[in-house]
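*Asks:* Starting from these lines, generate the structure:
(chains A and B)
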Amino acid sequence: MPVPCRGGCGNNAVLKRPKTGDALCKECFFWAFETEIHYTITKAELFNKGDSVAIGASGGKDSTVLAYVLKTLNQRFNYGLNLMLLSIDEGITGYRDDSLETVKQNRDDYEMPLKILSYKDLYGWTMDEIVAQIGRKNNCTFCGVFRRQALDRGAAMLGVKCIATGHNADDIAETVLMNVLRGDIARLKRCTAVATGSEGTIPRVKPLKYTYEKEIVMYAHYKKLVYFSTECVFAPNAYRGHARALLKDLEKIRPACIMDIIYSGETMSVKEQVSLPTQRICSRCKFVSSQEVCKACVLLEGLNKGLPKLGIGKSSKAKRMLEEYNAKQAEKETVLKDVIQDLNDTSISDDTGHKNRKKDSNKENASNGESCNKNNCCGGSCRSKTNVDVAASNKKLDMLLEQYGLDDNTSDKKSIKENGVTDTNVSDENGVTDTNISDHSDDETPFNGQEEDDTCSSACGGISVGF
Amino acid sequence: MNCKKCGSPKTVILRKKDYYCNDCFMVSTNHKFRACIGKNKVLSPNENVLIGLSGGLGSTVLLDLVHHGVSLENTKKLRITPFFIHLFDDNCKGLAESIIVQCQKYNFNVYVVHLAVYMSSNCTLPEPNCIPDVEEKETIAFRDMLNSMPPSAATDFLLKIKRSLLVEYAKQLKCNAVFTAETTNTLAINFLSNLAVGRGSQLQNDIGFCDARDEYVKIIKPIKDISNEELKYYVDIRQLAPVYYSDIKKSSMQSVISAFVSDLQGNFQATISTVCKTADKIGEHNNNENIMHERCVICESDLQAKDMKLSALEATNLSRTVSFENTQLKQNLENNADFLNNFDDINFSMFPLIHKYLCYGCSRNYSEMSQSALPLHIQKKLNL
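*Replies:* Down below sits the predicted model:
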């Protein structure tokens, strides 16, 4: 028997809303769904008129619906927002390559500019390569940490006021549960906030915070939106899966519990005497961090040194691993030194060996105006990827230009930005080569300056910085 | 393998890796109990303490620990005057009998009270050590009330009923403190259950060492640092006979959480202790400590809401507003430029009586039950 729509419009209902148990017809559902998101945006003052907003786009249902709804509401209620899509290519074969095609489809459908950043270019590693190193466990840690920073970098390149992400109510409730199970009080405190970001960082907003995953799926289904619906090939091993399974079981019993868990998270207070890490700027990459050196830099250093477990688990373990690593390096160096002395080559007598490479890097660093402390520098490993000659780097530059340019409809203004942006990418990846091109770079975004000050930072960095 | 402490042969293995002998294990368990009371400094010497017994693992051990503590004759004597109470239900009379036997072994008197007393709020003390007769009308009304709600709400509500009865009887017996026997396992489950029913702001009272919601009676959890694993060894060594019984109703959220926690604990040995450590760091939101705020009629929680621009409560109410009879609203929105003004009279039907009489969790329960089934004294307070 058909159920009448609770809206009172006289139509038959097509779905029952899990949040309230009300049955609605298709039209009333669309209207209610969009009005709720509009309410969240206006009540929580997520955007200001005229803002540029980057939508974190994965091609999945959440970000596709977010892009569609934001575009709709932007027109309907005159937000005056300049919306664009920002995607991160983690380099996961069989998952991200396909989903990026969907994002490109969104770009065309919704007429928004799209920018794609890849882990390979930002960090020198694809997720596939990282998983080959670390194994099937803990790889979501790398991906999550890198993506967080990659989104920040992308947003800075695009010069946007904030990043809108597609986190839905289920995601947030799941995060609350996970942070309780992991005992992560700092994240527990901030994970329910609708807008996050301390001073000096680009804020993130979650317009879908109170929207159920089920309704997002229904909305995309009835609106016939194109989205990519495969789970990440590496996700099944993540700890988050436990929290997700629990939430799904709870939801079956009482669908409203997702809102209840969010409410719990929102109203919960942390005792005053509990010391929480303060958010600050990573001393290496200058992006937001709760430690002296951010997790992304630690993880990256681990990868580059062949110690992929460096950033996993306790920091005391990481310290021990680094000490062992340094001891080994020192051993090698003494051997080298002996050889050198045998050869009577007294011109290279600095206490850290790594002779040829070291010599190169010193030279380059000097030309870069950067004081790369001999004892503290990356131990040479950072150069392995960066010994690129000028010709090669120009080729690379062309390639990057092609990859990073905002696809089509690029206005003049954007192409200027694009130049600036490309420079930073190159400097990121190649560490050294940016000196070749930074002269003609257009320092439009403050981001450029930051990056160039610290070319060595995220790609390699010194060993001695504490964790 | 030998005991970590004294080197004698091990008899107890905790967390799959820590070895103890019986003596060292008993000393450390006893110490956990005493340290928990000692370091929190809420009891004054020779205070009257009402001890709630359920007959389960925690309660059996608590009874033994208290007996051991008060029968010491040295400086370590536990300086309290204990009273014992057991709240029972029709379907477990046998449990009540075995608790009377348990207490008599220690020469303690125990008051046995039927939960249905909640319906009349007639908290007169029964004769100790015997199962009282209760009016059938009351027990039926009580059962009907719980049966009128879904299992998750009923399980949550039952905890609140027990809490309120313990407080009432503590007042009758002039006790300023109540001991209850929640273990780390129970608390980890209660923590997640509290989250799932929207009681995040009440965690300190429900999960923390001391529930100070009542003005006069504090409810204390003195074995909150002891795990079920330890209690099982304790019961074996002391040859005690707990009766395993759970209040958690089948196919409730709490039963799902309970199964989940023990399952995860099997794979990750730190799960329960991590959850409880997290609970220790969560406090109560309080803008102004000096003012007594309005309290929830059912659970005595502070009704003062945290100041938020937008919360899940409002979002749920909005969902109801835009889903239910929305034709008028649709028109208003088209005519009225200021969007937010249209939501001044938001639909609160999802959360009846919230903030005025009930907290979020109790309001949710209330909306899911047959409201006329509530005891009259509660209905009166709710101005129904």
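*Asks:* all contacts plus neighbour counts: C-alpha atoms, from now on.
*Replies:* Will do.
*Asks:* A:V233: neighbouring residues, count only.
*Replies:* By the criterion of other C-alpha atoms under 10 Å in any protein chain shown, A:V233 has 12 neighbours.
*Asks:* I meant A:M157, not that one.
*Replies:* Number of residues near A:M157 (other C-alpha under 10 Å) recorded here: 22.
*Asks:* can you check the one 4 residues further on too?
*Replies:* Per other C-alpha under 10 Å, the neighbour tally for A:K161 reads 20.
*Asks:* need the contact list for it.
*Replies:* Neighbouring residues of A:K161 by C-alpha atoms under 8 Å, 6 or more residues apart in numbering or on different chains: A:51-53, A:202-203.
*Asks:* Using JSON lines, lay out those residues together with secondary structure.
*Replies:* Formatted as JSON lines, those follow (DSSP: H, G, I helix; E, B strand; the rest coil):
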{"residue": "A:D51", "secondary structure": "coil"}
{"residue": "A:S52", "secondary structure": "strand"}
{"residue": "A:V53", "secondary structure": "strand"}
{"residue": "A:I202", "secondary structure": "coil"}
{"residue": "A:P203", "secondary structure": "coil"}
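*Asks:* So how do I select the buried members of these in PyMOL?
*Replies:* In PyMOL, this line selects whichever of the contacts of A:K161 come out buried by 16 or more other C-alpha atoms under 10 Å in any protein chain shown:
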select buried, chain A and resi 52+53+202+203
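*Asks:* Rank the contacts of A:K161 by pLDDT and give me only the lowest.
*Replies:* Of all those, A:I202 has the smallest pLDDT value, namely 87.
*Asks:* excluding its backbone neighbours, what's nearest that residue?
*Replies:* Excluding its sequence neighbours, the residue lying closest to A:I202 (C-alpha to C-alpha, 6 or more residues apart in numbering or on different chains) is A:C162, at 5.5 Å.
*Asks:* can you pull the contacts of residue 30?
*Replies:* I'll assume chain A. Contact analysis of A:F30 by C-alpha under 8 Å, 6+ apart lists A:Y219.
*Asks:* That was the other one, I meant chain B.
*Replies:* B:L65.
*Asks:* same question, B:Y245
*Replies:* B:55-56.
*Asks:* Can you show me the CA trace of stretch B:336-343 as PDB?
*Replies:* This file holds the C-alpha atoms of stretch B:336-343, laid out as PDB (Å, rounded to 0.1, in the frame of the first residue of the first chain):
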ATOM      1  CA  ASN B 336      10.500  35.900   3.000                       C
ATOM      2  CA  ALA B 337      14.000  36.900   2.100                       C
ATOM      3  CA  ASP B 338      15.600  36.300   5.400                       C
ATOM      4  CA  PHE B 339      15.900  32.600   5.400                       C
ATOM      5  CA  LEU B 340      16.700  31.900   9.100                       C
ATOM      6  CA  ASN B 341      13.700  34.000  10.300                       C
ATOM      7  CA  ASN B 342      11.400  31.400   9.000                       C
ATOM      8  CA  PHE B 343      12.700  28.900  11.500                       C
END
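*Asks:* which residues are contacting that stretch?
*Replies:* Contact with stretch B:336-343 is made by A:39, A:42-43, B:329, B:332-333, as judged by C-alpha under 8 Å, 6+ apart.
*Asks:* Among those, which one is most surrounded by other residues?
*Replies:* Most neighbours among those, by other C-alpha under 10 Å: A:Y39, with 18 neighbours.
*Asks:* contacting residues for that residue?
*Replies:* By C-alpha under 8 Å, 6+ apart, the neighbours of A:Y39 are B:L340.
*Asks:* Look up the closest residue to B:V167, ignoring the ones flanking it.
*Replies:* Residue nearest to B:V167 in three dimensions, not counting chain neighbours: B:V217, with 6.2 Å by C-alpha to C-alpha, 6+ apart.
*Asks:* in chain A, which ranges drop under the pLDDT threshold?
*Replies:* A:198-200, A:237, A:313-316, A:318, A:344-467 (pLDDT under 70).
*Asks:* can you give me the strands for it?
*Replies:* A:15-16, A:23-24, A:52-56, A:82-89, A:114-118, A:162-164, A:195-196, A:204-205, A:269-270, A:280-281, A:288-289 (DSSP state E).
*Asks:* For A:L208, which non-adjacent residue is closest in space?
*Replies:* Nearest residue to A:L208 in three dimensions, chain neighbours excluded: A:N168, at 4.9 Å (C-alpha to C-alpha, 6+ apart).
*Asks:* Could you measure from the one you found over to A:D62?
*Replies:* In this view, A:N168 and A:D62 are 7 Å apart by C-alpha to C-alpha, to the nearest Å.
*Asks:* shared neighbours, these two?
*Replies:* Contact criterion C-alpha under 8 Å, 6+ apart; residues shared by A:N168 and A:D62: A:E213.
*Asks:* And the residue in the stretch 1-150 of chain A positioned nearest to chain B, how far from B:S193?
*Replies:* Proximity of the stretch 1-150 of chain A to chain B (C-alpha to the nearest C-alpha) peaks at A:G7, 4.3 Å away. Using C-alpha to C-alpha, A:G7 is found at 33 Å from B:S193.
*Asks:* can you tell me which residues contact the residue nearest to A:L208?
*Replies:* Listed by C-alpha under 8 Å, 6+ apart, the contact partners of A:N168 are A:62, A:206, A:208-213.
*Asks:* please redo it, this time with the cut-off set to 7 Å
*Replies:* Contacts for A:N168 (C-alpha atoms under 7 Å, 6 or more residues apart in numbering or on different chains) come out as A:208-213.
*Asks:* can you check A:A54 too?
*Replies:* A:A54 neighbours (C-alpha under 7 Å, 6+ apart): A:83-86, A:155, A:160, A:162-164.
*Asks:* if you set the cut-off to 6 Å instead, what comes out?
*Replies:* For A:A54, the contacting residues are A:84-86, A:163, by C-alpha atoms under 6 Å, 6 or more residues apart in numbering or on different chains.
*Asks:* Tell me how many other residues surround whatever residue of chain B ends up closest to chain A.
*Replies:* In chain B, the residue that lies nearest chain A is B:G200 (3.7 Å; C-alpha to the nearest C-alpha). Using other C-alpha under 10 Å, B:G200 is surrounded by 29 other residues.
*Asks:* Excluding residues flanking it in the chain, which one is nearest it?
*Replies:* Going by C-alpha to C-alpha, 6+ apart, B:G200 has A:S264 as its nearest residue, at 3.7 Å.
*Asks:* Return the residues of the stretch 201-350 of chain B in contact with chain A.
*Replies:* Residues of the stretch 201-350 of chain B lying close to chain A by C-alpha under 6 Å from any C-alpha of the partner chain are B:201, B:253, B:274-275, B:278, B:281-285, B:312, B:322-326.
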